[in-house]
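J.: could you work out the structure for the sequence below:
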Amino acid sequence: MNSLIVLWKKMAEESAIWCHTSATMDIKTVQGRYKHEGMSFLTISLPRFGKDFQKSLDQGLVDRNMFQGFSWHAGLPRFLGGFLDRVFDRTSGILHDHPDIDAILCIRQLTLIYSKILLDCSQERVEKAMSDYVMCEQEVRASDTVLSESDLSDFERISQMLYARVFSEVDREIYNVELVPKHGPGATVDRLIGNEKYRLRTWTSRLEEVFPAMDYLFPNPSYYFDEIDAVDFLEPGAEMPVKVITVPKTQKSPRIIAIEPAAMQYAQQSILEAIVPRLESDSLLSKMIGFSDQEPNQLDAQKGSLYGDLATLDLSEASDRVSNQLVRAMLRHHPHLHKGVDACRSRRARVPGHGVIRLAKFASMGSALCFPFEAMVFLTIIILGIEKERRIHFDRHTIKSFADQVRVYGDDLIVPVDCVHSVINSLELFGARVGADKSYWTGRFRESCGKEFYEGHDVSIVKVRREFPVSRKNVQEVISLVSLRNQLYKAGYWRTVKWLDHKLENLLGFFPYVEETSSLLGRYSFLGYNLSESRMDEHHHAPVVKGYVVSPRLPINRLDGPGALLKFFLKRGVEPVHDVKHLERSGRPRAVDTKPRWARPY
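T.: Numbers count the residues shown, from 1 in each chain. Now for the predicted structure:
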């Protein structure tokens, strides 16, 4: 933990040099409050200061109701006062006409650096997160009841305008049993991992109506008659509920995900693979919705910060607030797709401390279809909000005129500033909740998909993801620290990087200069790798340097017979499987090691 404080001190001193100020008192404040408050000061109190700073940028002045827990001098907090003076007027608290961009970046860096560190929450916070999950479910049901027939009709109309072509093509493929399923790498409720999933023998009667076991569980029909008796077909009341769990997100609150049964995930992947490429290749939708590339959202956020014409909205509990009623309305005119999506949707969830509950939401994170359908629902609602603001009925041509002003990537939304209030009203009407502390449209600060901008300037920061390693055996922490070092190097914190280099050299022994494409754990430099550290490879005319490579340990689960044949038929592409032992070991690594190797530095 002391290393985290020393890192903050080094970065504060270097930031002060950038901004021609002093951080001496700020360092004493952090050291003192950390001594009395512990990690919660770094992971909760400091990030709250940073978020209040961002809202102050957005509204153009510092509000006395913000920055709770920090003392004030005149119109600004004392903490980081030297930096704040370069952004706001000390007397009035009003934003300067030309605030110092470096100071904005440094304040964000120093306050938000530990906002996403992966630490376990207290049991009390975990229990509250589970209670909030159940409460959110109740609010989704309540939201469903207040929607009028007119609201649902409008939603359905816009959905058809946007997605009818894509849905019709997928609908036809489902009818012709042409979808190709796929097992994902993640955990399942039935605890099948890696190759074990290809021996799946649990199916549901709902899936059987759309995804026949003969076509989806066996390599070809000849195996069906020999092994069909081993398949357990579950009726709706006997289906396995998803398992709701928490994973580390921030120390303030964990992330909630739901682990799906293997059969559901298997079918979901087939629909996902049919829908997403079509959405991303559609002449209109490709400009408004994305699933694999965050850069368009980031560029729009930069544009919005420069010209003030685009707002960035962030939704709280986004996936958990998408009602299944909306997805059903969206798919109503595509019966086979509708039936397929419904068949692979889990209807119940097992929530620790609350038992098994029936779900009104479409799906939680963990479902393969959660991300694409939440994005499609949000885009539909945004267009509805803009339509209400413009007070005309849109057609597809009219929607096209907004293609460069609207962009959706999951719960990161870009919308026109002049329609922002109407869009927010529509989102909340349909059950979404806009995060006020992470949505911006008034000033010149914008954030979307991990990038932040002020007046067109990139003020994105580097965040610590894990605690510092104690030894080389803390592999995940070592990998994270090397990544942190390299990110800080590219961000210009070279004095801080020099301190980190010393720590990593003592920890690893071998810490060579490498290019970003190298397999070695090494340090990046704008000067490239160091030839003086290298030697020539014995078998290739190429330089190699000594360092550590990450070696994952895959679970042992051998596969042969029909399962191995099924895995072959489900393989994507024409290239052979890279891992020659994929029928012996597979699944997500249960552990990773680092091993010293001579390898190329590029």
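J.: neighbours of the closest residue to I5 other than its chain neighbours, how many?
T.: With sequence-adjacent residues excluded and distances taken as C-beta to C-beta, 6 or more residues apart in numbering, I5 is closest to Y34, at 5.8 Å. (Glycine included, C-beta is placed from N, CA and C.) Using other C-beta atoms under 10 Å, Y34 has 20 other residues around it.
J.: likewise for A16?
T.: If you count neighbours by other C-beta under 10 Å, A16 ends up with 20.
J.: same question for M130.
T.: Neighbour count for M130, taken as other C-beta under 10 Å: 18.
J.: picking up where we left off before, test my guess that the residue nearest to I5 contacts N2.
T.: No - the criterion here is C-beta atoms under 8 Å, and Y34 misses it with N2 at 9.4 Å.
J.: coming back round to it: and the residue nearest to I5, helix, strand or coil?
T.: helix (DSSP: H, G, I helix; E, B strand; the rest coil).
J.: check contacts around it.
T.: Residues in contact with Y34, defined by C-beta atoms under 8 Å, 6 or more residues apart in numbering, are I5, F41, L42.
J.: 10 Å instead?
T.: Shown in contact with Y34 (C-beta atoms under 10 Å, 6 or more residues apart in numbering): M1, N2, L4, I5, W8, S40, F41, L42, S45, L46.
J.: going by neighbour count, which of those are buried?
T.: Applying a neighbour-count criterion of 16 or more other C-beta atoms under 10 Å, the buried members of those are L4, W8, F41, L42, S45, L46.
J.: let's see which of those residues end up in helices.
T.: Among the buried ones among the contacts of Y34, the members falling in helices (DSSP state H) are L4, W8, L46.
J.: between these, which is nearest P219?
T.: Checking those against P219 by C-beta to C-beta gives L4 as the nearest, at 52.8 Å.
J.: check which element follows the helix ranked longest in the chain along the chain.
T.: As assigned by DSSP H, the longest helix anywhere in the chain is helix 149-175. Heading C-terminal from helix 149-175, the first helix or strand you meet, by DSSP states H and E, is strand 202-204.
J.: who touches that following strand?
T.: 189-190, 192, 211-213, 216-217, 231-236, 238-240, 261-264, 266-267, 343-344, 346.
J.: now the residues you listed: which count as buried?
T.: Taking 16+ other C-beta under 10 Å as the criterion, what is buried in the contacts of strand 202-204 is 189, 192, 211, 213, 216-217, 231, 234, 239-240, 261-264, 266-267, 343-344, 346.
J.: show me what L521 is bridged to.
T.: With beta bridges defined as DSSP bridges, L521 has these partners: Y548.
J.: hmm, I typed the wrong one, I wanted F453.
T.: Beta-bridge partners of F453, as defined by DSSP bridges: R446, D458.
J.: what of I556?
T.: Here I556, judged by DSSP bridges, has bridge partners R585.
J.: list the contacts for it?
T.: Per C-beta under 10 Å, 6+ apart, neighbours of I556: G194, N195, K581, E584, R585, S586, G587, R590.
J.: how close does it sit to S586?
T.: Between I556 and S586 the distance, using C-beta to C-beta, to the nearest Å, works out to 9 Å.
J.: and the nearest residue to D190 once chain neighbours are set aside, how far from R558?
T.: In space, and not counting its chain neighbours, D190 is closest to A262: 5.2 Å by C-beta to C-beta, 6+ apart. Separation of A262 from R558 (C-beta to C-beta): 18 Å.
J.: doesn't V464 fall inside a strand?
T.: No - applying three-state DSSP, one finds V464 to be coil, outside a strand.
J.: tell me how many other residues crowd S71.
T.: Here the number of neighbours of S71 (other C-beta under 10 Å) works out to 9.
J.: mind pulling up the pLDDT for the residue nearest to it when sequence neighbours are not counted?
T.: Nearest residue to S71, sequence neighbours excluded (C-beta to C-beta, 6+ apart): R78, at 5.0 Å. Looking at R78, its pLDDT stands at 97.
J.: now P296: how far from I383?
T.: Taking C-beta to C-beta, one finds P296 at 17 Å from I383.
J.: ok, back up a step: overlap of the contact sets of I556 and S586?
T.: Common neighbours of I556 and S586 (C-beta under 10 Å, 6+ apart) are G194, N195.
J.: hmm, back to that, which pair of the contacts of I556 spans the longest distance?
T.: The distance between the two most remote of these (C-beta to C-beta) is 15.8 Å, for K581 and R590.
J.: export stretch 553-564 to PDB, keeping only CA atoms.
T.: The C-alpha trace of stretch 553-564 is given here as PDB (Å, rounded to 0.1, in the frame of the first residue of the first chain):
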ATOM      1  CA  ARG A 553      -1.700 -22.600 -17.600                       C
ATOM      2  CA  LEU A 554      -4.800 -24.000 -19.300                       C
ATOM      3  CA  PRO A 555      -7.100 -26.600 -17.600                       C
ATOM      4  CA  ILE A 556      -6.600 -30.200 -18.600                       C
ATOM      5  CA  ASN A 557      -9.800 -31.500 -20.300                       C
ATOM      6  CA  ARG A 558      -9.200 -34.100 -23.000                       C
ATOM      7  CA  LEU A 559     -11.700 -34.400 -25.900                       C
ATOM      8  CA  ASP A 560     -12.200 -37.200 -28.400                       C
ATOM      9  CA  GLY A 561     -14.900 -38.900 -30.300                       C
ATOM     10  CA  PRO A 562     -18.100 -37.000 -31.300                       C
ATOM     11  CA  GLY A 563     -17.200 -34.000 -29.200                       C
ATOM     12  CA  ALA A 564     -13.800 -33.600 -31.000                       C
END
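J.: give the rounded mean pLDDT of that stretch.
T.: Over the span of stretch 553-564, the pLDDT mean works out to 92.
J.: so how far is it off the chain centroid?
T.: Computed by C-alpha atoms, centre = their mean, to the nearest Å, the separation of stretch 553-564 from the middle of its chain amounts to 30 Å.
J.: equivalent analysis for stretch 423-441, please.
T.: Distance, stretch centre to chain centre, for stretch 423-441: 19 Å (C-alpha atoms, centre = their mean).
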